[in-house]
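*Asks:* I need the structure of the sequence given here:
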Amino acid sequence: MKRDSYQKTKRMVIMAIFIAIIIIQTLVPILGFIPLGIMNATIIHVTVAIGAILLGAKEGAGLGFVFGLGSMWKNTFMPNPTSFCFSPFAPAIAGYTGGIRSVIVCFVPRILVGVVAAIIFKAIRKTGKVKIALLVAGAMAAITNTILVMSGIYFLFGEHYASATGRELTQLPLVIVGIIGTQGVAEAIVSSILTLAVAGTLLKISEER
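*Replies:* Numbering: from 1, shown residues only. Next up is the predicted model:
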């Protein structure tokens with residue numbers, strides 16, 4: 001019974017630490033959100049992925065939700081021309097507001113980042129290939145975030161997003177594919193490497209104890 005209580009407390013502490021890290025990444029420029037003019041790139045999905053790997057899909061979803069909250073806060077109080085895609089409270093810099101659609105784009109992909117990372121890691125780890133499991137889980141966390149966010153923007157805000165970025169609606173599919181193929185691939189590579197390094201070390205420490 002004492003061991004169960006200890007494990008539960010340990011998981012709660014780890015969860016709290018990861019939430020604190022996500023908050024710090026949200027508040028401190030460059031640590032979590034990297035301004036790219038019309039929108040932000042992010043590395044917070046790496047933190048979510050690592051937490052999900054250590055704690056599981058349920059906790060990963062919770063960390064993804066915190067990620068979503070941070071994104072909404074960032075786009076509300078430090079807006080750019082496409083912030084309406086991520087926050088219903090963002091100033092209408094480009095003349096548009098997001099409403100409930102922005103809540104979907106902001107939260108659903110981020111919650112699924114934690115779920116996908118945990119499930120993939122657990123599935124591949126069963127084969128005994130822990131390093132590969134970490135690399136793939138980290139990469140898929142980034143890919144999930146990028147593809148779902150950009151797909152959500154296209155289907156829910158296509159015309160407005162194109163207008164806010166100074167493009168024609170017919171150009172938008174190529175623009176989105178370009179973002180996924182450049183920024184998305186770069187984020188996936190960085191995410192896989194960081195996840196392997198950080199989560200791998202934390203797993204070893206946890207197993208030794």
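*Asks:* So which residue is smack in the middle of this protein?
*Replies:* His45 (3.2 Å; CA atoms, centre = their mean).
*Asks:* Quick check: nearest residue in space to it, chain neighbours excluded?
*Replies:* Using CB to CB, 6 or more residues apart in numbering and skipping the chain neighbours, the partner closest in space to His45 is Asn145 (4.5 Å). Any C-beta I mention is one placed from the backbone N, CA and C, and that applies to glycine too.
*Asks:* in which helix or strand would I find that neighbour?
*Replies:* Using DSSP states H and E, Asn145 falls within helix 130-164.
*Asks:* Residues in contact with the helix or strand following that helix: which ones?
*Replies:* Using DSSP H and E, the helix or strand that follows helix 130-164 in sequence is helix 172-179. Applying CB atoms under 8 Å, 6 or more residues apart in numbering, the external contacts of helix 172-179 come out as Thr146, Met150, Ser151, Ile153, Tyr154, Gly158, Tyr161, Ala162, Thr165, Arg167.
*Asks:* Need the mean per-residue confidence for helix 172-179.
*Replies:* Averaging pLDDT along helix 172-179 gives 90.
*Asks:* got the angle for that helix vs helix 130-164?
*Replies:* 140 degrees (axes from the mean of the first three to the mean of the last three CA atoms, to 10 degrees).
*Asks:* Relative to the whole chain's centre, how far out is helix 172-179?
*Replies:* 20 Å (CA atoms, centre = their mean, to the nearest Å).
*Asks:* which residues touch Ala137?
*Replies:* Ala49, Ala52, Ile53, Val116, Ala117, Ala118, Ile120, Phe121, Ile124, Thr195.
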